[in-house]
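Student: quick check, what structure comes out for this input:
(chains A and B)
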Amino acid sequence: MTSFSAAGGHGAIPTDGVPADEGNVPTRPQSPLWEVFVRSRRGLSHTHAGSLRAPDAHMALRHARDLYTRRQEGVSIWVVPASVIVASSPDEKDSFFDPAGDKPYRHPTFYDVPEGLTHL
Amino acid sequence: MLTRTIVRYPGVRVGGAGGLAVQTAELATGHEQEFQERVDADGRIEPRDWMPEGYRKTLVRQIAQHAHSEIIGMQPEGNWITRAPSLRRKCILVAKVQDEAGHGLYLYSAAETLGADREELLDLLHRGRQKYSTIFNYPTTSWADVASIGWLVDGAAIMNQVPLTRCSYGPYARAMTRVCKEESFHQRQGFEAMTVLANGTPAQRAMAQDALDRWWWPALMMFGPSDSESPNSAQSMAWGIKRFSNDDLRQRFVDATVPQAHHLGLTVPDPDLRFDEDSGHWISGEIDWTEFYAVMKGDGPCNRERVRNRVAAHEDGAWVRAAAAAYADKQVARQVAA
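Tutor: Just a heads-up that it's a prediction; the model follows:
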């Protein structure tokens, strides 16, 4: 029996015998990947909205407008070439974030406040 | 089992081990346990986390075919843009078809976070190796079909997609959150267009009923055969990719949609449809799966046409991509020279 995934959004699609990706990447050139950050309104910072492909920064901005702000979701957009983003590695998350792990005294909840006192 | 860490995503530069790291069996076992514990606790897997190769492949296949469905889905409705009955309807339809393109792009981006190559996925679609939803292999022969697609096909898609906003893979879940927000506009505009026809002249009313007659069963088939006949469902559930069974989702759709059809004064084309007082559910008749399998295998009225149009659009657009790339190169060269 052929297996189907109904979870594929727009309805049942066969999954048996269908390749995922095979690493047969076409040789034709591909536009670089850009990460898109959108400021939803004044007073808020830009947050990551998603990514897209575009040949240059100018086109990336225009595509980002069409792709991520079709319903006035933003008042400002940043596009950043994905290749220049430096990220911490999930493999070293324990050691990397360790220094914060044993310092509960950095949180106000670490301290006892006497009953009845306010403005502390 | 040999597994590999996903580090191909070009959006990140790896601080620790770079490249495709083939790991030892012991390491993989530890990772696998951590992975499953996170999924079981309803946590999210992010692009650079360790993941079983089967999980990655299942997601790449599903997200890619979901993306293909979105962009192929532009065709049956795009067919009516030039013939929309009013400027209002035309504006709405253009916006909706543009949304479908956007949904495809969100999804191709999500597939890329798994290390898949967008161009390769398009090739797989163009060569017919990867598929798209069978629903788009039916023709749209009247304006009421456009209304029915919004109301029924997008209605069914919402049932499928809302649970995916809680999928264990973060980028897919986030893409689905955006998609679902937009999808409810699609469903409502379809229902509104259907309401106008159902309350119109006898000919318009007949057109609405005819569309419902043709789209009802394909919409129910969108949820796929029973899970007992879909051996991969259990694994997808264990991985937190799939949340509800095909039959559960189909039942939800029937329960939600039958009262809407009655509101329109239209007849659901199912002589066995009945309301079960005890369970509070609408019980539908047997689905004829032979048609579904025939359409799936490529015997649908529009299979070849859809892929041919898609390939033509891609090839006809090659000069635009080449020009944009040449322009970008020229700008870089100028900057270097300056």
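
Student: contacts and neighbour counts: CA atoms only from here.
Tutor: Fine.

Student: so which helix or strand takes in the residue nearest the centre of chain B?
Tutor: Central residue of chain B (Cα atoms, centre = their mean): residue B:66, 3.7 Å from the mean position. Element membership of residue B:66, judged by DSSP states H and E, is helix B:53-72.

Student: neighbouring contacts of the helix or strand following that helix?
Tutor: Downstream of helix B:53-72, the next assigned helix or strand under DSSP H and E is helix B:74-78. Contacts with helix B:74-78, where a contact means Cα atoms under 8 Å, 6 or more residues apart in numbering or on different chains, come from B:93, B:94, B:97, B:100, B:101, B:136, B:138, B:139, B:140, B:146, B:306.

Student: repeat that for stretch B:80-89.
Tutor: B:90, B:93, B:94, B:143, B:146.

Student: quick one: buried residues of it?
Tutor: B:80, B:81, B:84 (16 or more other Cα atoms under 10 Å in any protein chain shown).

Student: and for stretch B:166-183?
Tutor: Quick answer for stretch B:166-183 (16+ other Cα under 10 Å): B:166-180, B:182-183.

Student: show residues contacting that stretch.
Tutor: B:39, B:42-47, B:63, B:99, B:103, B:106-107, B:110-111, B:113, B:154, B:158, B:161-162, B:164-165, B:239-243.

Student: so for that stretch, mean pLDDT?
Tutor: Averaging pLDDT along stretch B:166-183 yields 95.

Student: now the strands for chain B?
Tutor: B:274-276, B:281-283 (DSSP state E).

Student: ranking those strands by burial, who's on top?
Tutor: Mean neighbour count (mean count of other Cα atoms under 10 Å in any protein chain shown) peaks for strand B:281-283 among those, with a mean of 17.

Student: elements contacting that strand?
Tutor: Other helices and strands packing on strand B:281-283, by 3 or more Cα pairs under 8 Å, 6 or more residues apart in numbering or on different chains; DSSP states H and E, are helix B:246-264, strand B:274-276.

Student: which of these is buried the deepest?
Tutor: Most buried among the helices and strands packed on strand B:281-283, counting by mean count of other Cα under 10 Å: helix B:246-264, with a mean of 18.

Student: now the most centrally placed residue in chain A: which helix or strand?
Tutor: With distances taken as Cα atoms, centre = their mean, residue A:48 lies nearest the centre of chain A, 5.1 Å away. Remark: residue A:48 resides in strand A:47-53, with elements defined by DSSP H and E.

Student: give the buried residues for the longest helix seen in chain A.
Tutor: Longest helix in chain A by number of residues (criterion: DSSP state H): helix A:57-68. Neighbour-count burial for helix A:57-68 flags A:57, A:60, A:61, A:63, A:64, A:65, A:67, A:68 (criterion: 16+ other Cα under 10 Å).

Student: CA atoms of it as PDB?
Tutor: The C-alpha trace of helix A:57-68 is given here as PDB (Å, rounded to 0.1, in the frame of the first residue of the first chain):
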ATOM      1  CA  ALA A  57      20.600  43.600  -1.600                       C
ATOM      2  CA  HIS A  58      18.200  45.900  -3.400                       C
ATOM      3  CA  MET A  59      16.200  43.000  -4.800                       C
ATOM      4  CA  ALA A  60      16.300  41.300  -1.400                       C
ATOM      5  CA  LEU A  61      14.700  44.300   0.200                       C
ATOM      6  CA  ARG A  62      12.000  44.400  -2.500                       C
ATOM      7  CA  HIS A  63      11.300  40.700  -2.200                       C
ATOM      8  CA  ALA A  64      11.200  40.900   1.600                       C
ATOM      9  CA  ARG A  65       8.600  43.600   1.300                       C
ATOM     10  CA  ASP A  66       6.500  41.500  -1.000                       C
ATOM     11  CA  LEU A  67       7.000  38.300   0.900                       C
ATOM     12  CA  TYR A  68       6.900  39.400   4.600                       C
END
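
Student: give me the contacts around the helix or strand immediately after that helix in the chain.
Tutor: Next along the chain after helix A:57-68, taking DSSP H and E as the criterion, comes strand A:76-81. Contact partners of strand A:76-81, identified using Cα under 8 Å, 6+ apart, comprise A:32-41, A:46, A:57, A:60-61, A:64-65.

Student: keep only the residues you listed that also lie close to chain B.
Tutor: A:33, A:35 (Cα under 8 Å from any Cα of the partner chain).

Student: and the two most separated of the contacts of strand A:76-81?
Tutor: A:32 and A:41 (27.9 Å; Cα to Cα).

Student: between these two, which one's more packed in?
Tutor: Taking neighbours as other Cα atoms under 10 Å in any protein chain shown, residue A:32 and residue A:41 compare with residue A:32 leading, 17 against 13.

Student: pretty sure the more buried one contacts residue A:54?
Tutor: Yes - under the criterion of Cα atoms under 8 Å, residue A:32 makes contact with residue A:54 at 6.0 Å.

Student: please enumerate the helices of the chain.
Tutor: Since no chain was named, I'll use chain A. Using DSSP H, helices in chain A cover A:57-68, A:93-97.

Student: sorry, should have said chain B
Tutor: Under DSSP H, chain B gives helices at B:25-40, B:53-72, B:74-78, B:87-112, B:118-126, B:143-148, B:154-161, B:170-198, B:202-221, B:233-238, B:246-264, B:289-294, B:303-316, B:318-337.

Student: give me the mean pLDDT for the last one.
Tutor: If you average the pLDDT over helix B:318-337, you get 93.

Student: what ranges of chain A fall below the confidence cut-off?
Tutor: Residue ranges of chain A with pLDDT under 70: A:1-11, A:93.

Student: can you name the residue of the stretch 101-250 of chain B nearest chain A?
Tutor: Going by Cα to the nearest Cα, chain A is nearest to residue B:222 of the stretch 101-250 of chain B, at 4.1 Å.

Student: how close does that residue get to residue B:329?
Tutor: Going from residue B:222 to residue B:329 by Cα to Cα, to the nearest Å gives 45 Å.

Student: what do you get for residue B:230?
Tutor: 49 Å.

Student: cool, and residue A:45?
Tutor: Distance, residue A:45 to residue B:329, using Cα to Cα: 32 Å.

Student: likewise for residue B:39?
Tutor: 44 Å.

Student: neighbour count winner among the two?
Tutor: The residue with more neighbours, out of residue B:39 and residue B:329, is residue B:39; 19 against 14, by other Cα under 10 Å.

Student: neighbours of residue A:110, how many?
Tutor: 10.

Student: which residue is the nearest non-sequential neighbour of it?
Tutor: residue A:104 (6.2 Å; Cα to Cα, 6 or more residues apart in numbering or on different chains).

Student: export the helices of chain B as JSON lines, with columns for distance to residue A:19.
Tutor: As requested, the helices of chain B are exported to JSON lines (distance: least, Cα to Cα, whole Å):
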{"stretch": "helix B:25-40", "distance to residue A:19": "23"}
{"stretch": "helix B:53-72", "distance to residue A:19": "7"}
{"stretch": "helix B:74-78", "distance to residue A:19": "24"}
{"stretch": "helix B:87-112", "distance to residue A:19": "14"}
{"stretch": "helix B:118-126", "distance to residue A:19": "8"}
{"stretch": "helix B:143-148", "distance to residue A:19": "32"}
{"stretch": "helix B:154-161", "distance to residue A:19": "22"}
{"stretch": "helix B:170-198", "distance to residue A:19": "19"}
{"stretch": "helix B:202-221", "distance to residue A:19": "23"}
{"stretch": "helix B:233-238", "distance to residue A:19": "17"}
{"stretch": "helix B:246-264", "distance to residue A:19": "22"}
{"stretch": "helix B:289-294", "distance to residue A:19": "19"}
{"stretch": "helix B:303-316", "distance to residue A:19": "18"}
{"stretch": "helix B:318-337", "distance to residue A:19": "25"}
